[in-house]
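A.B. asks: I would like the atomic coordinates for the input below:
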Amino acid sequence: MRQIFAVMALAVFALALPCSAQDARLERQEALKIEQQLVEAAKREKQQAIEEARRIESQILEDKTRLKEAINILEKENARLDGSLNALGQQARALEEKIDGLTGEARMMEAEIRELAGFVKMSAKELDTLLHQSPQSASPGRRAAIEQVGRLAEEASFPSMEDLAVMQKLLEEEIAKSGQVRKENLPVVTRQGNEEAVPVMLVGNFSAFAKIGGQADFLLYSEQTGRFFEPSRPSPKKLRKNLASYIEGQGISVAVDLSRGAALRQMIHRMNWSEQLKSGGPIVYPILAIAILAIVIVVERLFFL
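C.D. replies: The predicted structure follows:
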């Protein structure tokens with residue numbers, strides 16, 4: 001555009017110069033022609049500028065439309081993300097509440113489990129005491145299980161299902177055997193201090209007797225060693241005869257020590273007349289002689305008065 005204005009200015013300036021009529025006419029025609037060309041060029045440039053402006057405007061409008069569509073899409077996506085975020089926040093709060101509830105339940109379950117473990121350990125201690133006191137525990141096959149129960153009663157670890165199964169089995173066996181009369185080969189410590197495996201007759205948890213060296217007699221049970229042993233002295237002959245008859249299958253009844261050995265120990269260590277005289281010393285004999293003399297006098301007075 002600046003070039004066009006410069007050419008027009010030069011043309012006007014040229015027309016203003018003094019010249020001849022002929023030259024002036026030619027120059028005018030030439031100037032008009034140039035002016036016409038310049039006008040047409042200006043029109044073409046203007047039309048091109050208008051078309052370019054329209055094209056740019058159309059492109060701007062298209063870009064604006066696309067931007068609006070993109071903005072709408074982003075706004076919708078933002079709204080969707082806000083909704084998802086709110087939903088996730090609600091889920092997070094619900095999960096936190098659930099975690100709090102589960103934590104409380106876990107604490108309650110832990111307290112119940114500790115209480116159960118304490119109950120199991122207490123039961124294990126009671127069962128361990130019962131088994132150590134029971135003559136049924138003299139069987140060698142039960143010692144390993146009894147030791148397992150003893151460890152369970154002492155250890156701080158939580159009992160397993162295997163431990164509970166062992167406790168149940170031992171308790172059921174103890175209940176069953178304590179009500180039975182049965183015979184089992186068991187190790188017995190004899191009066192000579194030797195250990196022999198002999199058939200032992202067990203009457204529940206009360207009495208045990210066996211025939212050792214051809215002589216039947218009661219047996220005593222040691223809780224410390226878990227074995228039977230012969231008493232230091234034989235029991236009365238009448239009892240031994242009753243036991244032998246029952247062992248051989250000839251008797252239908254047998255003597256039972258309900259005190260689980262206490263009465264037997266007292267009976268065995270009770271002294272007879274000769275032992276009492278020996279334990280009394282020399283002074284007993286004069287007393288015995290006076291007693292006999294007094295009895296003779298009483299009898300003589302009864303018959304001859």
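A.B. asks: Look at residue 228 and give its secondary structure.
C.D. replies: strand (DSSP: H, G, I helix; E, B strand; the rest coil).
A.B. asks: Quickly note the distance from it to residue 202.
C.D. replies: According to Cβ to Cβ, to the nearest Å, residue 228 and residue 202 sit 9 Å apart. Where C-beta positions appear, they are placed from N, C-alpha and C, glycine not excepted.
A.B. asks: One more: residue 162?
C.D. replies: Computed with Cβ to Cβ, the distance linking residue 162 and residue 202 is 28 Å.
A.B. asks: Looking at those two now, which is surrounded by more residues?
C.D. replies: Counting neighbours by other Cβ atoms under 10 Å for residue 162 and for residue 202 shows that residue 202 has the greater number, 25 against 9.
A.B. asks: mind listing what that one touches?
C.D. replies: If a contact means Cβ atoms under 8 Å, 6 or more residues apart in numbering, then residue 202 has 135-136, 177, 180-184, 208 as its contacts.
A.B. asks: May I see those residues arranged in a markdown table, with neighbour count and distance to residue 251 as well?
C.D. replies: What follows is the contacts of residue 202, written out as a markdown table (neighbours: other Cβ atoms under 10 Å; distance: Cβ to Cβ, whole Å):
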| residue | neighbour count | distance to residue 251 |
| --- | --- | --- |
| 135 | 26 | 21 |
| 136 | 22 | 23 |
| 177 | 19 | 22 |
| 180 | 10 | 18 |
| 181 | 12 | 12 |
| 182 | 12 | 17 |
| 183 | 11 | 15 |
| 184 | 13 | 20 |
| 208 | 24 | 16 |
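A.B. asks: if we can go back for a sec, common neighbours of residue 228 and residue 202, please.
C.D. replies: Common neighbours of residue 228 and residue 202, using Cβ under 8 Å, 6+ apart, are 135, 208.
A.B. asks: quick one, helices of the stretch 101-250 of the chain?
C.D. replies: Chain-ordered helices for the stretch 101-250 of the chain, with DSSP state H, counting those that start in this stretch as the definition, fall at 143-154, 161-177, 237-247.
A.B. asks: so can I have TSV of those helices showing distance to residue 27 and mean pLDDT?
C.D. replies: Formatted as TSV, the helices of the stretch 101-250 of the chain follow (distance: least, Cβ to Cβ, whole Å; pLDDT from 0 to 100):
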stretch	distance to residue 27	mean pLDDT
helix 143-154	132	82
helix 161-177	125	88
helix 237-247	167	87
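A.B. asks: Please produce JSON lines containing these, extended by distance to residue 294.
C.D. replies: Shown next, in JSON lines, are these (distance: least, Cβ to Cβ, whole Å):
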{"stretch": "helix 143-154", "distance to residue 294": "60"}
{"stretch": "helix 161-177", "distance to residue 294": "56"}
{"stretch": "helix 237-247", "distance to residue 294": "32"}
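A.B. asks: Which one of those helices lies nearest to residue 217?
C.D. replies: Comparison of those against residue 217 by Cβ to Cβ identifies helix 237-247 as nearest, at 5.5 Å.
A.B. asks: What lies in contact with the closest one?
C.D. replies: 201, 209-211, 215-218, 234, 251, 253-255.
A.B. asks: 10 Å instead, please
C.D. replies: Contact partners of helix 237-247, identified using Cβ atoms under 10 Å, 6 or more residues apart in numbering, comprise 181, 183, 199, 201, 203, 207, 209-211, 214-218, 234-236, 250-255, 257, 264, 267.
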